[in-house]
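Peer 1: I'd like to go over a predicted model; first the sequence, then the structure.
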Amino acid sequence: MLSENLQAPRTLVPETAFGDDPLLRLQQETQPAGGNIGLRATTHPEEIRITGITVMCPQCGARRDWMVICNRNEISIRCRCAHQWVERELTRADYLAMIGEGIGQDYPSLEAAAQAAGYDGTLAGTYLSEPRPE
């Protein structure tokens, strides 16, 4: 026996009002208040070791005095020479462990963070603090 209507009827999606785009609404709801884009940064004067290897800037050779940037779940390291790279071995949990709870600063943009902390290239080659003896 053949049936002429093998498919279930489609559910009609109600028309959305102009300007009520669900994707835009989701983006607005998930963005932090105040226009902040979710960027946090902190300075780290000591060396950073990842899997036992000391991080070194591939551009200038610096081995300490970093800016560590957490942009949502992506961690970047920035040198005073303004060279920056994503460090895929570090996670948001590593970043939080590095800075502790409630420490670090929120910035509206990477440029604002780099300029405020002196990692915009103007202090290239400068170490502002001495590492603590081990």
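Peer 2: It's in. As the structure is a computational prediction, the values presented were derived from the model and not from experiment.

Peer 1: From here on, just use CA atoms for contacts and neighbour counts.
Peer 2: Will do.

Peer 1: Tell me the spacing between the closest residue to R88 other than its chain neighbours and Q84.
Peer 2: Distances taken as C-alpha to C-alpha, 6 or more residues apart in numbering put I75 closest to R88, at 7.1 Å, once the chain neighbours are dropped. Between I75 and Q84 the computed distance is 10 Å (C-alpha to C-alpha, to the nearest Å).

Peer 1: quick one: contacts for the residue nearest to R88?
Peer 2: 68-69, 86-88, 90-92, 95 (C-alpha atoms under 8 Å, 6 or more residues apart in numbering).

Peer 1: can you list these in TSV and add secondary structure?
Peer 2: Below are these laid out as TSV (DSSP: H, G, I helix; E, B strand; the rest coil):
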residue	secondary structure
V68	strand
I69	strand
V86	strand
E87	coil
R88	coil
L90	coil
T91	coil
R92	helix
Y95	helix
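
Peer 1: Show me how to select, in PyMOL, the buried members of these.
Peer 2: This is the PyMOL syntax for the buried subset of those, where burial follows 16 or more other C-alpha atoms under 10 Å:
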select buried, resi 68+69+87+90+95
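
Peer 1: I'd like the contacts of I75 written out as JSON lines, with pLDDT added.
Peer 2: Putting those into JSON lines (pLDDT from 0 to 100) gives the following:
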{"residue": "V68", "pLDDT": "90"}
{"residue": "I69", "pLDDT": "88"}
{"residue": "V86", "pLDDT": "95"}
{"residue": "E87", "pLDDT": "94"}
{"residue": "R88", "pLDDT": "93"}
{"residue": "L90", "pLDDT": "92"}
{"residue": "T91", "pLDDT": "90"}
{"residue": "R92", "pLDDT": "86"}
{"residue": "Y95", "pLDDT": "86"}
